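Participant: Here is a sequence together with a model predicted from it:
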Amino acid sequence: MGTNVSRLWSWAAHGGSLLSGKDMSGARERGGAYASGVPRPVNDTRTRLLEATYACIARDGLGATSLEDAARSAGVSRATLYRYFPGGRDELLGAVITWETLRFFLRLAEAVADAPDLETLLVDGIVFAHRAIEEHEVLRRILGTEPELLTPQLTVDAPRILNLIRTFFIGRFDGHELREGLPPGDAAEYVARMTLSFISSPGRWDLSDPEQVRALVRSEILAGVMP
C-alpha cells in the first residue's frame, strides 16, 4: 500500500476528539443521510452535483476541476450550484471528498452486514477495506499526484470516520465477555483505532490473505479487549 494511501488511514486511526454520529447500518437504511456533505437520496440536486463533481475529479483531477465544470456536468447553472454550496469551490470539493469517503464506509458496512460474529466481521471488513483501497483508482491517483489538495480535507474527516466505525462496533460486543471494567464504548474505540492502524501499516501481515487477517484479529485486536 502506498505511503499516501496509508496516511489516509493513519489520520483516522489517530483522529482527535470524537464527534457524535449515526450508526452506519442505520444510515444505510435511511439512504446514507448522515449530515451535511454526505450522500443524499437519488435525484436530489445536491447529490447530482456531488456525483457530477466527482466525475470531473476522476477525469481531470482535483486541481483542474472548476465550478463551471461541475455545474455543466450536473446540468445546472452556476447560481444553482452556489445555492447548495455558498462557500464556492472549496466547500464543494470538501463535500465531495466527505461524500465519497462515507460512501466507502457504507459499502464496507454492507460487505460485513451478514457476518455471524465479531471476529468474522473484523476479518471480512479488513480484507474488504484493503482490497477496495488498492482498487480505488481515483483515490490512488489523487494521493499519488495531488496529495496536498486532498490531505487537508481528510484531516477534517478523520474524527468523523473514527466515530462512524466506533459507533458501528459498539453493538457488536453483545454476548462477548470484555476485560473487567472495560465499557463497550471504550472497547469499540480501541477496536476501531487498531483496525484502522493495521490497515494503514500492516507490517508483517498480508491483508489480502483472510487466514493471516484472522490471526491478526485474534492476536492483535480482540486480544486487547477480551480476557
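Facilitator: On my side now, so go ahead.

Participant: Need the contact partners of stretch 170-182.
Facilitator: For stretch 170-182, contacts defined as Cβ atoms under 8 Å, 6 or more residues apart in numbering pick out 23, 118, 121, 184, 185, 187, 188, 225, 226, 227. Backbone N, C-alpha and C define where each C-beta goes, glycine included.

Participant: and of the residues you listed, the nearest to residue 199?
Facilitator: Comparing the contacts of stretch 170-182 against residue 199 with Cβ to Cβ places residue 121 closest, at 14.5 Å.

Participant: where does the closest one land on pLDDT?
Facilitator: Per-residue confidence (pLDDT) for residue 121: 95.

Participant: Packing partners of the host helix or strand of residue 120?
Facilitator: Using DSSP states H and E, residue 120 maps to helix 118-135. Packing partners of helix 118-135 (3 or more Cβ pairs under 8 Å, 6 or more residues apart in numbering; DSSP states H and E): helix 3-13, helix 89-111, helix 137-145, helix 184-200, helix 210-216.

Participant: Could you export these to CSV, including columns for mean neighbour count?
Facilitator: What follows is the helices and strands packed on helix 118-135, written out as CSV (neighbours: other Cβ atoms under 10 Å):
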stretch, mean neighbour count
helix 3-13, 19
helix 89-111, 19
helix 137-145, 16
helix 184-200, 20
helix 210-216, 17
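
Participant: Mean pLDDT lowest where, among those helices?
Facilitator: helix 3-13 (a mean of 41).

Participant: returning to that earlier point: let's have the helices and strands packed on helix 118-135 in TSV, adding distance to residue 163.
Facilitator: Listed next are the helices and strands packed on helix 118-135 as TSV, based on distance: least, Cβ to Cβ, whole Å:
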stretch	distance to residue 163
helix 3-13	10
helix 89-111	11
helix 137-145	21
helix 184-200	8
helix 210-216	23
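
Participant: distance of residue 120 from residue 162?
Facilitator: Distance of residue 120 to residue 162, computed by Cβ to Cβ, to the nearest Å: 22 Å.

Participant: Between the two, tell me which one has more neighbours.
Facilitator: residue 162 (24 against 15; other Cβ atoms under 10 Å).

Participant: Which secondary structure state is assigned to the residue of the chain most remote from its centre?
Facilitator: Distance from the C-alpha centroid of the chain peaks at residue 180, with 31.1 Å (Cα atoms, centre = their mean). Three-state call for residue 180 (DSSP: H, G, I helix; E, B strand; the rest coil): coil.

Participant: nearest spatial neighbour of residue 101, skipping sequence neighbours?
Facilitator: Once flanking residues are discounted, residue 101 sits nearest to residue 157: 5.6 Å by Cβ to Cβ, 6 or more residues apart in numbering.
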